[in-house]
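> Sequence plus predicted model, see below.
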Amino acid sequence: MLFGAITMSPNSTHWQDFTSNDVDQVQSSVSSMIKPHRLSLKKASQPLQTRMRFAQFGQISLVRLGYGADVRIQPDELAGFYLIQLPQYGQALVRCGGEEVESSPKVATVLNPNAEIDMVWRANNEQLMLKIDRFLIEQLVRGMDMDVPESGLVFPVKLEGHLSVNWQLMMRYLVDCARHAESILQSPLLISQLEQLAATTFLGVHSPLAPEKPRVQGRVLPKHIRLVENYLYEHADQVIRVEELAALAQISIRSLHAGFKEYCGISPMQYLRQIRLDRARTDLLQTEDATTSVADVALRWGFMHQGRFSAEYKQRFGETPSQSLQRARA
């Protein structure tokens, strides 16, 4: 049975159901839950048959949305959040920024806040969507000593979340929490834990793009930058803190960051992370010990989170750590 639109504020607290065939009602209700957008039927003969569920936990929201008809969706810029779309059934064509992805149950998509978005959801496509506040993501990234550009972090649009057990378990847990939202929302501590779980798991399986500003060839590095750079290469296998680097260079931490950004394009700790990735790759490609695992090498170079290590490694070298190890043994 189909009902008319249900008026729900963005602060709704229950796993609420909504169904409708009316385009205007659907556009209004979905806009209030996610983001103002333009919704249009691709084929007037198809019944819209919209189905939606929604639950919000602090800085994250969970939405399950499906259309019975082919529809075109053109949202305004997301601005304040990232939207991860995980098709449960059917297909969708997603354009976000300069990327175009054919989405399916094995290919999820990530919509970035400041990108132009244009999507076509095909008939009987149903998606589970995770909405994560931009501030929450950026706060965690800064906590990992990574820079956040003024324009914001940009993630690859294509996400193969089905390949990660941690991601699958996290999403199932969130769905279960949505079914019991009323009791969970009585505990600010539980809400905070859900926020952290969603954001850290997302970052663990899907690293942001980090375009680097290449060092200008032939440009002479200032003495204090060169001193720190050499120290990082010589002590990459040791515990290094940014305060120690600043003391070594005899400048403030802020000046050290500014110098590395100007001459190297990244922060000192990001520079160290790249050195350690290079060392890990060398170990994987040169190991002669048949018992050596990717986890062994990752831990040797200070990478505790295996998923994040694999994602950063693939982004830098174009293959996974396991592929490098297999290639070396072959």
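The structure has been received and is ready for your questions.

> which is the next helix or strand following the worst-scoring helix or strand of the chain on mean pLDDT?
In the chain, no helix or strand scores lower on mean pLDDT, DSSP states H and E than strand 16-20, which sits at a mean of 72. Downstream of strand 16-20, the next assigned helix or strand under DSSP states H and E is helix 23-33.

> buried ones in that next one?
By neighbour count on 16 or more other C-beta atoms under 10 Å, the buried set for helix 23-33 is 25-27, 29-33. For every residue, glycine as well, the C-beta is placed using N, CA and C.

> what does stretch 285-295 give?
287, 292, 294.

> Among those, which ones are in helices?
Of the buried residues of stretch 285-295, the ones assigned to helices by DSSP state H are Val294.

> So which one of the buried residues of stretch 285-295 is the model least confident about?
Of all the buried residues of stretch 285-295, Thr287 has the smallest pLDDT value, namely 80.

> list the contacts for the residue nearest to that residue when sequence neighbours are not counted?
Residue nearest to Thr287 in three dimensions, not counting chain neighbours: Ala328, with 6.2 Å by C-beta to C-beta, 6 or more residues apart in numbering. With contacts defined as C-beta atoms under 8 Å, 6 or more residues apart in numbering, Ala328 is in contact with 284-287.

> Arg327 now?
Neighbouring residues of Arg327 by C-beta under 8 Å, 6+ apart: 285, 319.

> contacts for stretch 170-189?
Under the criterion C-beta under 8 Å, 6+ apart, residues 13-15, 53, 55, 57, 60, 62, 86, 128, 130, 161, 190-191, 194, 197-198, 201 lie in contact with stretch 170-189.

> That should have said stretch 242-252, apologies.
With C-beta under 8 Å, 6+ apart as the test, stretch 242-252 has contacts from 145, 224-225, 227-228, 231-232, 253, 255-256, 259, 268-269.

> Most neighbours among the residues you listed, please name it.
For those, the largest number of neighbours (other C-beta atoms under 10 Å) sits with Val228, at 27 neighbours.

> Quick check: that residue touching Met269?
No. Val228 is beyond contact range of Met269, at 10.9 Å (criterion: C-beta atoms under 8 Å).

> Which parts of this structure are strands?
Listed in chain order, the strands of the chain (DSSP state E) span 16-20, 37-41, 50-57, 60-67, 71-75, 81-89, 92-96, 99-103, 108-111, 117-121, 125-133, 158-159.

> Would you convert those strands into a markdown table that also reports mean neighbour count and distance to Leu174?
Below are the strands of the chain laid out as a markdown table (neighbours: other C-beta atoms under 10 Å; distance: least, C-beta to C-beta, whole Å):
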| stretch | mean neighbour count | distance to Leu174 |
| --- | --- | --- |
| strand 16-20 | 18 | 16 |
| strand 37-41 | 15 | 23 |
| strand 50-57 | 22 | 8 |
| strand 60-67 | 22 | 5 |
| strand 71-75 | 19 | 22 |
| strand 81-89 | 20 | 11 |
| strand 92-96 | 21 | 21 |
| strand 99-103 | 16 | 20 |
| strand 108-111 | 25 | 14 |
| strand 117-121 | 20 | 22 |
| strand 125-133 | 21 | 7 |
| strand 158-159 | 20 | 16 |
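
> would you list these in CSV and tack on distance to Asn166?
Output for those, formatted as CSV (distance: least, C-beta to C-beta, whole Å):
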stretch, distance to Asn166
strand 16-20, 28
strand 37-41, 31
strand 50-57, 19
strand 60-67, 16
strand 71-75, 28
strand 81-89, 14
strand 92-96, 24
strand 99-103, 21
strand 108-111, 14
strand 117-121, 27
strand 125-133, 14
strand 158-159, 13
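
> can you pull the contacts of Gly302?
Residues counted as contacts of Gly302 (C-beta under 8 Å, 6+ apart) are Arg276.

> and the gap between it and Lys131?
Distance from Gly302 to Lys131, counting by C-beta to C-beta, to the nearest Å: 33 Å.

> Pop the domain breakdown of this structure in here.
According to automatic domain parsing, the chain comprises the domains 16-205, 223-329.

> Could you tell me how far the last one lies from the centre of the chain?
Relative to the centre of its chain, domain 223-329 is centred 21 Å away, using C-alpha atoms, centre = their mean, to the nearest Å.

> Going forward, the N-terminal residue is numbered 47.
New numbering, starting at 47: the last item is domain 269-375.

> Span of it from start to end?
End-to-end span of domain 269-375 (C-alpha to C-alpha, to the nearest Å): 42 Å.

> Low-confidence stretches in the stretch 47-196 of the chain?
By pLDDT under 70, the low-scoring segments of the stretch 47-196 of the chain are 47-63, 191.
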